[in-house]
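A.B. asks: let's see this in three dimensions:
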Amino acid sequence: VNMLSIAGVIGTGLYLSTSSALNKAGPASLFMNYVIMGIVIYLDMLCLGEMSTYMPISGSFCSYAKKFGSESFAWALMWNYWFEDALSVASSLTALQLILDYWKTSQHHFPYWAAALLFWVFVLALNVIHVGVYGEAEYWLALLKVIAIVIFFILSIVVNAGHNPDHKYIGFQYWTHGEAPFVHGFRGFASMFVSASYAYGGIEALTLTGGEVQNPLRNTPKVIKTVFWRVLIFYVFSTFFIAMNVPYNYPGLATNSVMTSPFTIVFQMAGSKNAGSFMNAVIMTSVISGCNHALFAGSRIMYNMGLDGYLPRKIVSRTNRYKAPYVSIILTWAVGGICFGASFIGAGTLWDWLQNIGGVSYQIAWLCIAITSIRFRRGLEVQGKTHELKFKNWTYPYGPYFLVVFVTFIILIQGWSAFAPWSTSKFFSLYLELFVFPACYFIWWIFKRDWFVKYEDMDFETDRYIPTPEIIELNEELDNLKGWRKWRQHINDYFV
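C.D. replies: The predicted structure follows:
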């Protein structure tokens, strides 16, 4: 579980989004955007950690939106998140096609879109027929990603120091190369918020299984606190090395039909085509893992929507003998496949579309989490129960209110590039969700006519976590460890 929480969120976004981000906005915009959005996701996870520790229930922020918001609010959020997962299936298949194109030569013309379709069918079989090996497979894939990124850090230093095709020290020369460091100025910088959001997306899902966490008083805050280090090590350090070693106009970095991961480029610069092939193969396994995870998560959201009465329970919540919600799986899988069918417009163009829509979906989810967190704390204050919090968001009230203002701001301004010059395609990919989310809200509101629950009427007793005497004794024992036993427990908690 620890390995999955550490590396499970590393995927298609980080490996491929950095290609188009570097190409369209330059090294400084890439690095600064990942730092800024890293702060956003950390603040958001503090909001989630506070609620998840107090009330660890499955569904996490979707369930909290219903308890501390309204049914219509939760309905819109769940549709938003399901839609994002379905699109992630399509974006993973598109990314797979782009990654396989790395091995394309004049002698080999294999249609890699066909290979992506084969993996599409394979992922369906894995989810519908048997999911018992899911955890084991994801563990080893996560370990592989951690090892590969550590090697990437080492090779980045080696390449920058002079072991590259030009045999010269690079330093920060690409930060003053051409239009760098800010390609296309503020317009380019603003357009990268959605790219970074897509790369970070999914970290908030770590709390979706809160109801299954043992000893949430200790384990949930531990997961939240490690988010800071994950963001710093895997995202900020990665973009720092990419910005140093790969020029924004590197041939084949990002076009309408071709996209090469900067990770692959650095490996290739350090060795040969074979070294690049190794990293490309690692990225390919990560993409397949991401597709599998997106289908798994999306189908469970639809399954829960059936259980909550949002969709016909007898249809979407049906399970097979393996207890897999096969109807929800097939529907999510099919929508993802239909979206992937649009790849005839160019895999690179479709990738940008899916990345933009997915990134905005994540931003809306983070905005909803911040709103829910504010209402959660206000409800506790009105009912005089703030003292019951075992893990407090140390940034409240400034953190959640900052998220509401800042995330709303970037959602509105990140489409700057769609207006000058005007691009209908780009406009809809960046602002489509701003029409879909409120439409979902009002559809359910018209049906139910429900309003946001009043602070004094919020239910803080049902589902509230009350530790057993055994858990209290265990936590006291772990908190009082000294010397080597304390360090060994830290290693066990965060790495093993």
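
A.B. asks: grab the most central residue of this protein for me.
C.D. replies: In the chain, the centroid-proximal residue (Cα atoms, centre = their mean) is Gly201; its distance is 2.0 Å.

A.B. asks: quick one, phi/psi of that residue?
C.D. replies: phi -60, psi 140 (degrees, to the nearest 10).

A.B. asks: for the closest residue to it other than its chain neighbours, give me its contacts.
C.D. replies: The shortest distance from Gly201 to any non-neighbouring residue, by Cβ to Cβ, 6 or more residues apart in numbering, is to Tyr362 (3.7 Å). Any C-beta I mention is one placed from the backbone N, CA and C, and that applies to glycine too. Tyr362 makes contacts with 84, 197-198, 200-202, 204, as judged by Cβ atoms under 8 Å, 6 or more residues apart in numbering.

A.B. asks: now Asp463
C.D. replies: By Cβ under 8 Å, 6+ apart, Asp463 lies in contact with 55-57, 67.

A.B. asks: as TSV, these with neighbour count, pLDDT and secondary structure would be great.
C.D. replies: Output for those, formatted as TSV (neighbours: other Cβ atoms under 10 Å; pLDDT from 0 to 100; DSSP: H, G, I helix; E, B strand; the rest coil):
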residue	neighbour count	pLDDT	secondary structure
Met55	23	89	coil
Pro56	23	86	coil
Ile57	20	82	coil
Lys67	22	92	helix
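
A.B. asks: max pairwise distance over these: which two?
C.D. replies: Greatest spacing in these, by Cβ to Cβ: Pro56 and Lys67 (12.8 Å).

A.B. asks: helix or strand with the lowest mean pLDDT in the protein?
C.D. replies: Least confident element among the helices and strands of the chain, by mean pLDDT, DSSP states H and E: helix 2-7 (a mean of 58).

A.B. asks: if we can go back for a sec, buried subset of the contacts of Tyr362, written for ChimeraX?
C.D. replies: Those of these that count as buried under 16 or more other Cβ atoms under 10 Å are selected in ChimeraX with:
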select :84,197,198,200,201,202,204
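
A.B. asks: with pLDDT added, can I get the contacts of Tyr362 in JSON lines?
C.D. replies: Formatted as JSON lines, the contacts of Tyr362 follow (pLDDT from 0 to 100):
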{"residue": "Glu84", "pLDDT": "89"}
{"residue": "Ser197", "pLDDT": "92"}
{"residue": "Tyr198", "pLDDT": "90"}
{"residue": "Tyr200", "pLDDT": "89"}
{"residue": "Gly201", "pLDDT": "84"}
{"residue": "Gly202", "pLDDT": "79"}
{"residue": "Glu204", "pLDDT": "80"}
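
A.B. asks: narrow the contacts of Tyr362 to those in helices?
C.D. replies: 84, 197-198, 200 (DSSP state H).

A.B. asks: could you give the average pLDDT over stretch 169-182?
C.D. replies: Throughout stretch 169-182, pLDDT has a mean value of 90.

A.B. asks: ends of it, what's the gap?
C.D. replies: One end of stretch 169-182 sits 22 Å from the other (Cα to Cα, to the nearest Å).

A.B. asks: just to revisit the earlier point, ok, the residue nearest to the centre of the chain touching Val360?
C.D. replies: No. Assessed by Cβ atoms under 8 Å, Gly201 is found out of contact with Val360, at 10.1 Å.

A.B. asks: tell me the helix or strand right after the least confident helix or strand of the chain.
C.D. replies: On the C-terminal side of helix 2-7, the closest following helix or strand by DSSP states H and E is helix 12.

A.B. asks: which other helices and strands contact that following helix?
C.D. replies: helix 71-100, helix 273-307 (3 or more Cβ pairs under 8 Å, 6 or more residues apart in numbering; DSSP states H and E).

A.B. asks: so who does Gly69 touch?
C.D. replies: Applying Cβ under 8 Å, 6+ apart, the residues contacting Gly69 are 371-372, 375, 452-453.

A.B. asks: could you dump those residues to a markdown table with distance to Glu50?
C.D. replies: Putting the contacts of Gly69 into a markdown table (distance: Cβ to Cβ, whole Å) gives the following:
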| residue | distance to Glu50 |
| --- | --- |
| Ile371 | 14 |
| Thr372 | 11 |
| Arg375 | 12 |
| Phe452 | 20 |
| Val453 | 18 |
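
A.B. asks: and the gap between Trp229 and Leu124?
C.D. replies: As judged by Cβ to Cβ, to the nearest Å, Trp229 and Leu124 stand 35 Å apart.

A.B. asks: who has more neighbours out of those two?
C.D. replies: Leu124 (21 against 11; other Cβ atoms under 10 Å).

A.B. asks: which strand or helix spans that one?
C.D. replies: Under the assignment here (DSSP H and E), Leu124 is part of helix 112-128.

A.B. asks: what packs against the helix or strand just after that helix?
C.D. replies: Remark: after helix 112-128, the chain's next helix or strand is helix 134-161, criterion DSSP H and E. Applying 3+ Cβ pairs under 8 Å, 6+ apart, one finds that helix 134-161 contacts helix 2-7, helix 237-245, helix 262-270, helix 273-307.
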